[in-house]
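Undergrad: Using only what follows, build the 3D model:
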Amino acid sequence: MTATSPAKPPNRLAIAAVSLWTGLIVLVSHWMAQQSQRWLPVQASSAAPLVDGLFGFETGLGTFIFLGVMTVLAWSLLFHRARKYDESDAEPIEGNTRLEIVWTVIPLVLVLLIAANAIRVNRVLGVLGPMEHVHGTATSTGAVAPGAEASGPVMSASASSGAAASELQVEVIARQWSWEFRYPLGDGDAQPHAVPAIVSSTELHLPVNRPVSFRLLSEDVLHGFYVPAFRLKQDVVPGQAIRFRLTPTRSGRYRLRDSQFSGTWFAANQADVVVESPAAFAHWLEVAVQQPLQPGLSPAADDYTRRQQRPANGWATVVPAPPPLVNVPGSAALPHDA
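TA: This is a model prediction of the structure:
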């Protein structure tokens, strides 16, 4: 009988070194997760802390994975590199079931953690409401004209009665390349009217800490309703009326951007978002409802008109929609936070 060699005791120094280095990576990853909050715009909605928390979690997890992989790579380069002039093949390693299980289970667990956290955040947010098909008179571009669908202009009486009493209703109309915002008035908003009136603007005004329900419509192509300070983004799909909810939580002036490529001037398809106190918002409505309709802001239409006046007016493009007629055009020259 051959005597078996005794098992080697575990290298406690190596275990301590690996544990210490892993702990250091965990601390650096946690620090990076906290620092990631500084890379983002200000938080201006109730959704922003949740989205930022998810972003920080994924940043910290990604940092841990990156540093772990780089540690193994650096160790291999420093202590297991081939000798000079060694051109022989490496030793073939096959059938290491334990290693295959490890590198399969670890990524699976990480992906499940990210998915579970993302699902939790989406459930808490609950920003999307029901979608309805839009039917009505077609415009010159072949799209459906807002306000012509069977449910009536802006918001029907049944929709109004079903909405929460404190929830502000705003209709958002996207075009190539301008935004229009419509506010149905009556029952305590601004001045009382026998028939609900509509205030329209090319600058979005919202009261702070009041839930808002948007009804998103597109007159032509796919657009994207995106306010970075709110951390929320929603596609505006032609032929669909999409309900979208959020609650602004910080007063200030922010920027709405078209997040989808919608043609030549899509980068200029922006609008200011003014979040103000309820009293200031009510005063704005009172003043706005008395203003006559006038052309709203449309940098794309203005630039297109200037180009047509030149001898060589540039490349062929889709003609921008005329500036919408609104009560309050707003201003694109004021500074904004994000």
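
Undergrad: tally of neighbours for residue 299?
TA: Look at residue 299: counted by other CB atoms under 10 Å, it has 17 neighbours. For the C-beta atoms, the positions are set from N, CA and C on the backbone; glycine is no exception.

Undergrad: start at 48 instead
TA: Right, with 48 as the first residue, what we last looked at is residue 346.

Undergrad: Surely it is in contact with residue 376?
TA: No. With contact defined as CB atoms under 8 Å, residue 346 does not count as touching residue 376 (11.8 Å).

Undergrad: remind me which residues of this protein are low pLDDT?
TA: 48-54, 182-212, 233-243, 360 (pLDDT under 70).

Undergrad: Walk me through the domains of it.
TA: Domain segmentation of the chain under automatic domain parsing yields 64-123+149-171, 176-356+364-373.

Undergrad: Which among those is found nearest to residue 380?
TA: Checking the domains of the chain against residue 380 by CB to CB gives domain 176-356+364-373 as the closest, at 9.6 Å.

Undergrad: got the end-to-end distance for that closest one?
TA: Domain 176-356+364-373 has an end-to-end distance of 27 Å (CA to CA, to the nearest Å).

Undergrad: right, so the domains of the chain: which one is the most enclosed?
TA: domain 176-356+364-373 (a mean of 18; mean count of other CB atoms under 10 Å).

Undergrad: For residue 229, see how far away residue 223 is.
TA: Between residue 223 and residue 229 the computed distance is 18 Å (CB to CB, to the nearest Å).

Undergrad: With residue 375 instead?
TA: Applying CB to CB, the value for residue 375 to residue 229 is 11 Å.

Undergrad: Now list whatever residues contact both of the two.
TA: The contact sets of residue 375 and residue 229 overlap at 246-247 (CB atoms under 8 Å, 6 or more residues apart in numbering).

Undergrad: Where do the strands of the protein begin and end?
TA: 175-180, 215-222, 225-231, 245-248, 251-254, 259-265, 270-274, 279-283, 287-293, 299-305, 317-323, 341-342, 372-373 (DSSP state E).

Undergrad: Let me have these in a markdown table, extended by distance to residue 131.
TA: Formatted as a markdown table, those follow (distance: least, CB to CB, whole Å):
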| stretch | distance to residue 131 |
| --- | --- |
| strand 175-180 | 62 |
| strand 215-222 | 65 |
| strand 225-231 | 66 |
| strand 245-248 | 73 |
| strand 251-254 | 67 |
| strand 259-265 | 65 |
| strand 270-274 | 56 |
| strand 279-283 | 55 |
| strand 287-293 | 63 |
| strand 299-305 | 56 |
| strand 317-323 | 60 |
| strand 341-342 | 76 |
| strand 372-373 | 75 |
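
Undergrad: Nearest to residue 383, out of these?
TA: Using CB to CB, the strands of the chain put strand 299-305 closest to residue 383, at 4.4 Å.

Undergrad: Relative to the closest one, what are the paired strands and their orientations?
TA: strand 270-274 (antiparallel), strand 317-323 (antiparallel) (DSSP bridges).

Undergrad: Adding distance to residue 359, write those out as TSV.
TA: Converted to TSV, the strands paired with strand 299-305 look like this (distance: least, CB to CB, whole Å):
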stretch	distance to residue 359
strand 270-274	30
strand 317-323	28
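
Undergrad: out of the ones you listed, which comes closest to residue 175?
TA: Nearest of the strands paired with strand 299-305 (CB to CB): strand 270-274, 11.8 Å.

Undergrad: I'd like the C-alpha coordinates of that closest one written as PDB, please.
TA: Taking Å, rounded to 0.1, in the frame of the first residue of the first chain, the C-alpha atoms of strand 270-274 are listed here in PDB:
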ATOM      1  CA  HIS A 270     -41.400  61.600 -30.800                       C
ATOM      2  CA  GLY A 271     -40.000  61.300 -27.300                       C
ATOM      3  CA  PHE A 272     -41.200  63.200 -24.200                       C
ATOM      4  CA  TYR A 273     -38.100  63.500 -22.000                       C
ATOM      5  CA  VAL A 274     -37.300  65.800 -19.100                       C
END
